[in-house]
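*Asks:* Okay, sequence plus prediction incoming.
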Amino acid sequence: MAHNVLGGELEPCSMDPLTGFYRNGCCDTGGDDAGVHTVCVRLTSEFLEFSRSVGNDLSTPRPEFGFAGLKPGDQWCLCASRWSQALAAGQAPEVVLEATHARTLEWVDLDDLRRHAATR
């Protein structure tokens, strides 16, 4: 069983859009997840623009990969390093703590995550 950053059982992040490295709705991770897609975020237009500006366009549909594109309000499993980068740039989106994998704490301090906690 995977745990979240609060020590409880990892909850699903989003089934629509379907997220997670394993596309199971959870921010689960494993040895094959080099990007460590562990942070469940609630997207904002500001973050989507920031992400595009640093080379990761999450809003443009990519039908060849079965990706419809993301919009503000969607929840998504984000790479821990990208969330940390966004935090440093003052662009960090809200985090759903219950759905954020405990491995995130290898990159990000729990206090920073709590300061950006989303309400469910």
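*Replies:* Looks like it arrived, so ask away.
*Asks:* Could you tell me how many residues sit around the closest residue to residue 108 other than its chain neighbours?
*Replies:* Spatial nearest neighbour of residue 108, chain neighbours left out: residue 84 (5.3 Å); criterion: C-beta to C-beta, 6 or more residues apart in numbering. The C-beta positions use only the backbone N, C-alpha and C, and glycine is treated the same way. Per other C-beta atoms under 10 Å, the neighbour tally for residue 84 reads 18.
*Asks:* doesn't residue 84 fall inside a helix?
*Replies:* Yes: assessed by DSSP: H, G, I helix; E, B strand; the rest coil, residue 84 belongs to a helix.
*Asks:* For the closest residue to residue 2 other than its chain neighbours, give me its contacts.
*Replies:* Using C-beta to C-beta, 6+ apart and skipping residues adjacent in sequence, the residue nearest residue 2 is residue 10, 4.0 Å away. Counting by C-beta atoms under 8 Å, 6 or more residues apart in numbering, residue 10 touches 1-4, 26-28, 98-99, 101-102.
*Asks:* where in the chain is pLDDT low?
*Replies:* Low-confidence segments of the chain, defined by pLDDT under 70: 120.
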